[in-house]
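Engineer: my questions concern the predicted model and sequence given below.
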Amino acid sequence: MEELSHKRKLSIMIAIIGAMFFSAINQTIVSTAMPRIIAILGGMEYYTWVITIYMLTSTIATVLVGKLSDIYGRKPFILAGIIFFMIGAFLSGFAKDIFQLITYRGIQGIGAGIIMSSAFTAVGDLFSPRERGKWTGVMMAVFGFSSVLGPTLGGWLVDNMPWKWLFWIFLPLGIVAFIMILALFPKVPRKESESIDYWGSLFLTLAIVPLLLGFSWAGTKYAWSSPQTIGLFAAAVVFLLIFILVETRAKSPVLPLSLFRNDIVTLSNVIGFIMNAGMMGALIYLPFFVQGVEGISPTYSGYVTMPMSLAMVFVSAMTGRMITKTGKYKKFALLGFPIMVAGMLIMAYMDSVWLAVIAMIVFGAGLGLGMPVFSLTVQNAVKPNELGVATASSQLFRNMGGTIGVAVMGTIMTTSLKHNMQSGASAGGSAGSGAANLANLAGSDPKLAASLKDLQGPQALLDQPKLKELLASLPADIQPVVQHMVDVLKDALSSALTTVFLSGTALLVLALVLTFFIREIPLRTSNKMPEAERAVQQEPVSIH
């Protein structure tokens, strides 16, 4: 498709970006409104499944579609992804209970995974690696823009319209994107020599599902040492070993093991995994500081993270242009990671909302510099007929890193919080004796005991109106003791979050160190790979 006219390519990219924005905005628009939707439908105990099912289906769809799109072309899969996503969104608006919503969100996840995998690969089909830098930056900016617009618009819609319109309002955009892809995107013939790897697809899915479920539930639904968690991880290892055995014998493997003999691909995927683990694992807990420690309402806490998205939108677009202009990409990652580390360090020691905003701006700028690079390194290091599977592997590692990072950071926060609260209670002095008297009083008053039980964890700090109502309902002589308990909980949470952000910083530093070892090969000005360039890509690893 590289031979298409610039005007035709531009039209196709507008359609692809429309499809991506349709998928991205539908994810971010429901983020702030989902608790309200769950409250209406009921089934709060199944809330995490609404998120987990989307993550599972999108991750599996991403990696499976990669190889299939190399065989059949990108067009049918982008169209299928849009259809799946639209059906899932349409049905979600009709959900009568939490189980229907979980099912329909799973369908949406399939569509999202297909769209994301096919869209990024299609850019590789349309443009040479040298030109891809500009468009990769634009596509990253689309994600940033959707994360700015989505939560704010979602909050407004759920306050002023029936919640079903959150899923329906952008359906016309999906129809427009579908028509544009159908009309403009060229169809390519199937590669007859390639066959579908059914067994590899099956065992890869069976390995991914228990692994992601294990990390999603460990430390929350089940203990890390529980039989359920150990069983899920054991199943993942067994199915992974079977998958590797199957892939060594497959004629056309769904995820070729030979791909990982390429040091650039392997190192880029490892860095993407570590980067997402540190980034997602830390940023997911930022609301605990803004809402829990600083007492900002959920509505306004979204404005604290907005500067990060805005900075990422601007910087990623500029980075893409500079990569295309210079043909160099490694230096942008080497510059982006230290800036991300600086942003994360500010988060670790922030003591005000303004410092949180500054941290977001700094981190977003670093993200804009570093994030577009590693998809580009992978695509530039493989043959054009491996673009789909290589891009899918990159997204798989990032998704897995984010999921595992959130789980591990959650365990770090819980363990640190428990230790800090025990330390705070033992250092309470006279307040500690007051707390003991309060405990005795609560023993004779079941209603008071039930109220004070909420103060045993950080959830109490995330609902400030309810906390103020609780304090106001207590007798005047008890209020100072309870307020001290709240202060101890805030200090414990703040210190625990410092540990979480420092852990995220350590992971980003590790990613920075590994980036030095990435072999930078020239960005090709054509999708064709001359023998000379193939030889260059097989050189041993060296440090630049």
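Structural biologist: Sure thing, it's come through.
Engineer: can I get stretch 203-218 in CSV, CA atoms only?
Structural biologist: Listed next in CSV are the C-alpha coordinates belonging to stretch 203-218 (Å, rounded to 0.1, in the frame of the first residue of the first chain):
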residue,chain,number,x,y,z
PHE,A,203,-3.1,-22.6,24.1
LEU,A,204,-1.9,-19.0,24.0
THR,A,205,-5.4,-17.9,25.1
LEU,A,206,-5.4,-20.6,27.8
ALA,A,207,-2.0,-19.2,29.1
ILE,A,208,-3.1,-15.6,29.0
VAL,A,209,-6.4,-15.9,30.8
PRO,A,210,-5.3,-17.6,34.1
LEU,A,211,-2.2,-15.4,34.2
LEU,A,212,-4.1,-12.1,33.9
LEU,A,213,-6.8,-13.4,36.3
GLY,A,214,-4.2,-14.5,38.8
PHE,A,215,-2.6,-11.0,38.9
SER,A,216,-6.0,-9.3,38.9
TRP,A,217,-7.3,-11.2,41.9
ALA,A,218,-4.1,-11.7,43.8
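Engineer: other residues contacting stretch 106-118?
Structural biologist: 19-20, 22-23, 26-27, 53-63, 65-66, 69, 74, 77-78, 80-89, 91-92, 388, 391-392, 395 (Cβ atoms under 8 Å, 6 or more residues apart in numbering). (C-beta placed from N, C-alpha, C; glycine too.)
Engineer: avg pLDDT for it?
Structural biologist: Stretch 106-118 comes out with an average pLDDT of 90.
Engineer: ok, stretch 162-182 next?
Structural biologist: Mean pLDDT, stretch 162-182: 89.
Engineer: quick one: buried residues of that stretch?
Structural biologist: For stretch 162-182, the neighbour count (16 or more other Cβ atoms under 10 Å) marks 163-164, 166-171, 173-174, 177-178, 180-181 as buried.
Engineer: list of residues touching that stretch?
Structural biologist: Stretch 162-182 is contacted from outside by 11-12, 14-16, 18-19, 21-22, 25-26, 29-30, 33, 36-37, 40, 75, 78-79, 82-83, 85-86, 89-90, 92-94, 154, 157-158, using Cβ under 8 Å, 6+ apart.
Engineer: between the two ends of it, how far is it?
Structural biologist: Taking Cα to Cα, to the nearest Å, stretch 162-182 runs 32 Å from one end to the other.
Engineer: show me how far it is from its chain's centre.
Structural biologist: Remark: stretch 162-182 is offset 23 Å from the chain centroid, using Cα atoms, centre = their mean, to the nearest Å.
Engineer: could you do stretch 265-285 as well?
Structural biologist: 9 Å.
Engineer: same thing with stretch 363-383?
Structural biologist: Using Cα atoms, centre = their mean, the offset of stretch 363-383 from its chain centre is 15 Å.
Engineer: average pLDDT across stretch 378-385?
Structural biologist: 83.
Engineer: go through that stretch and flag the buried ones.
Structural biologist: Here stretch 378-385 shows Val378, Gln379, Asn380, Ala381, Val382, Pro384 as buried, counting by 16+ other Cβ under 10 Å.
Engineer: and the contacts of stretch 162-182, which are buried?
Structural biologist: Neighbour counting with 16+ other Cβ under 10 Å marks 11-12, 15-16, 18-19, 21-22, 25-26, 29-30, 33, 36-37, 75, 78-79, 82, 85-86, 89-90, 92-93, 154, 157-158 as buried within the contacts of stretch 162-182.
Engineer: among those, name the ones in helices.
Structural biologist: Mapping those onto helices (DSSP state H) picks out 11-12, 15-16, 18-19, 21-22, 25-26, 36-37, 75, 78-79, 82, 85-86, 89-90, 92, 154, 157-158.
Engineer: could you list the low-pLDDT ranges of the stretch 201-350 of the chain?
Structural biologist: Applying pLDDT under 70 to the stretch 201-350 of the chain picks out residues 281-282, 297-299, 301-302.
Engineer: show me where it has helices.
Structural biologist: 227-249, 263-283, 286-287, 298-326, 330-349 (DSSP state H, counting those that start in this stretch).
Engineer: starting at the chain centroid, how far to the strand or helix carrying Tyr104?
Structural biologist: Tyr104 is part of helix 98-126, with elements assigned from DSSP states H and E. Helix 98-126 sits 14 Å away from the centroid of its parent chain (Cα atoms, centre = their mean).
Engineer: list the contacts of Pro372.
Structural biologist: By Cβ under 8 Å, 6+ apart, Pro372 lies in contact with Gly133, Thr136, Gly137, Met140, Ser316, Thr319, Gly320, Ile323, Phe332.
Engineer: between the residues you listed, which sits nearest Leu255?
Structural biologist: Proximity of the contacts of Pro372 to Leu255 (Cβ to Cβ) peaks at Thr136, which lies at 22.3 Å.
Engineer: my read: the closest one touches Val123, true?
Structural biologist: Yes - assessed by Cβ atoms under 8 Å, Thr136 is found in contact with Val123 at 6.8 Å.
Engineer: common neighbours of those two, please.
Structural biologist: In contact with both Thr136 and Val123: no residue, using Cβ under 8 Å, 6+ apart.
Engineer: gap between the nearest residue to Gly278 once chain neighbours are set aside and Leu212?
Structural biologist: Distance criterion Cβ to Cβ, 6 or more residues apart in numbering; nearest residue to Gly278, sequence neighbours excluded, is Leu507 at 3.2 Å. Note on Leu507: its distance to Leu212, by Cβ to Cβ, to the nearest Å, is 19 Å.
Engineer: repeat that for Ile518.
Structural biologist: Counting by Cβ to Cβ, the gap from Ile518 to Leu212 is 27 Å.
Engineer: fine, thanks again, bye for now.
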